[in-house]
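Student: mind looking at a prediction? Sequence and model below.
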Amino acid sequence: MTLTRMQILLAGALTFIWIAPLQAQRGPYPSAPVKIVVGFPPGGGVDVVARLIAQKMTGVWGQQVVVENRPGAASILATRLVAGAAPDGYNVLINSNTMVVNQVANPNAGYDIERQLIPILNVAWQPSIIVAAPTLPVTSLADVIALLRTRKLSFGTPGQGSIPHLAGVYLFSILSKTEIVHVPFKGAVPALTAAMGGEIELASLTLPPAVPHVRAGKVKAIAVTSARRASTLPDVPTVAESGFPGYEVNVFSGFFMPAGTPKPVVDRFYEAVLKVMAMADVKEQLATLGFEPADTSGSEFRRLVPDEVKKWTKVIEAANIKLE
């Protein structure tokens, strides 16, 4: 049997597809650039963490680590991308609890965290903050609740199903039993910009992107969602202090790799991130930006992920939230 030229070319192409991933693994990991995929636009809390760590990891490894933003559908697109990527350590996801919410509330999310992804570690917590437009006649959460009882207000978030969205729903709709209009944006920065410009009355978003604008007086800080006041904005009360004892919501900044990634590869990435997180300038920069330290134990994060699934399932069912 004589092979045609087309058959030979096709066989060569298929051989390359099969062999190329194996060749990438012949050298010690990483032997090629590593991509950290972010499911949100530049400037948000997760993106800030990704860029800081990528820069430092490049120095640790002597191998390029790049950040790729794949915003869309509250990080669903990025999560699907990495969940379906080759399990070789060259496509890494950094995401927040938003990915958990998507899986629970959106039947079309298209991924299963515990089956398709390996939780590596959480590098930092991000409290959320509720801010008000500069012209809104409020200075406290009590003022906001009182105003909501007289008229509807709008609140912007980094996206439908994001943790700041659920934090707002839980506070306003469930606990205070008020009506509020949710306005989803494609990230924290667009929501913050809309609040600064008075296009929306309130915004619920992670703390880091809000800190400089709160300090500059471009938005009014109403309350933070952590159990304790944020060290970067110590004058801003917590939601718990403002009349809702026990209220606490934090956003993780966690790394994930596709299921099936070899343990030595996962361990090498984990160890490199630990080196970065131990750097004094990294600790200082994250603290200045409004991040809170996280337990960087991989085992702790692996326990945290299923706990988050249970926690947000309760909130989503109570609020009857359905995402599409």
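Tutor: Looks like it came in fine.
Student: how about the nearest residue to residue 297, chain neighbours excluded?
Tutor: What sits nearest to residue 297 in space, not counting adjacent residues and going by CB to CB, 6 or more residues apart in numbering, is residue 121, at 7.2 Å. Backbone N, C-alpha and C define where each C-beta goes, glycine included.
Student: check which residues of whichever strand or helix holds the one you found are buried.
Tutor: If you go by DSSP states H and E, residue 121 is part of strand 117-132. Going by neighbour count (16 or more other CB atoms under 10 Å), the buried part of strand 117-132 is 117-132.
Student: please look at residue 58 and residue 52 and confirm they touch.
Tutor: No - Residue 58 is beyond contact range of residue 52, at 11.3 Å (criterion: CB atoms under 8 Å).
Student: just want to know which of these two has more residues nearby.
Tutor: Comparing residue 58 with residue 52 by other CB atoms under 10 Å, the one with more neighbours is residue 52, at 21 against 15.
Student: what residues sit buried inside stretch 205-224?
Tutor: Buried residues in stretch 205-224 (16+ other CB under 10 Å): 205-211, 213-214, 218-224.
Student: can you tell me which of these end up in strands?
Tutor: Judged by DSSP state E, strands contain the following of these: 205, 206, 220, 221, 222, 223, 224.
Student: nearest residue to the fifth one other than its sequence neighbours?
Tutor: It refers to residue 222. Counting by CB to CB, 6+ apart, the residue nearest residue 222 is residue 130, at 4.3 Å.
Student: quick one: contacts for that neighbour?
Tutor: By CB atoms under 8 Å, 6 or more residues apart in numbering, the contact list for residue 130 reads 141, 144, 155, 168, 171, 202-204, 221-225, 239.
Student: and those, which is closest to residue 185?
Tutor: The shortest approach to residue 185 among the contacts of residue 130 belongs to residue 203, at 8.6 Å (CB to CB).
Student: so which elements touch the helix or strand hosting the closest one?
Tutor: Assigned by DSSP H and E, residue 203 falls within strand 202-206. Helices and strands touching strand 202-206, by 3 or more CB pairs under 8 Å, 6 or more residues apart in numbering; DSSP states H and E, are strand 117-132, strand 153-157, helix 163-168, helix 188-196.
Student: where does the chain dip in pLDDT?
Tutor: 1-26, 296, 324 (pLDDT under 70).
Student: so the spatially most central residue of it versus residue 144, what's the distance?
Tutor: Against the mean C-alpha coordinate of the chain, by CA atoms, centre = their mean, the closest residue is residue 96 at 2.9 Å. To residue 144, residue 96 is 24 Å away according to CB to CB, to the nearest Å.
Student: what's the answer for residue 228, then?
Tutor: 21 Å.
Student: with neighbour numbers in mind, choose between those two.
Tutor: Shown here are residue 228 and residue 144; by other CB under 10 Å, residue 144 has more neighbours (27 against 13).
Student: before we move on, the earlier item: how about the nearest residue to the residue nearest to the centre of the chain, chain neighbours excluded?
Tutor: Closest to residue 96 by CB to CB, 6+ apart is residue 251, at 4.7 Å.
Student: shouldn't that neighbour be within a strand?
Tutor: Yes - counting by DSSP: H, G, I helix; E, B strand; the rest coil, residue 251 is part of a strand.
Student: so what's it bridging to?
Tutor: Residues in a beta bridge with residue 251, per DSSP bridges, are residue 126.
Student: check whether it really touches residue 129, as I assumed.
Tutor: No - judged on CB under 8 Å, residue 251 makes no contact with residue 129 at a distance of 10.9 Å.
Student: sort out which residues of stretch 73-80 are buried, please.
Tutor: Neighbour-count burial for stretch 73-80 flags 73, 74, 75, 76, 78, 79, 80 (criterion: 16+ other CB under 10 Å).
Student: now, which of those residues sits nearest residue 192?
Tutor: Using CB to CB, the buried residues of stretch 73-80 come closest to residue 192 at residue 74, 16.6 Å.
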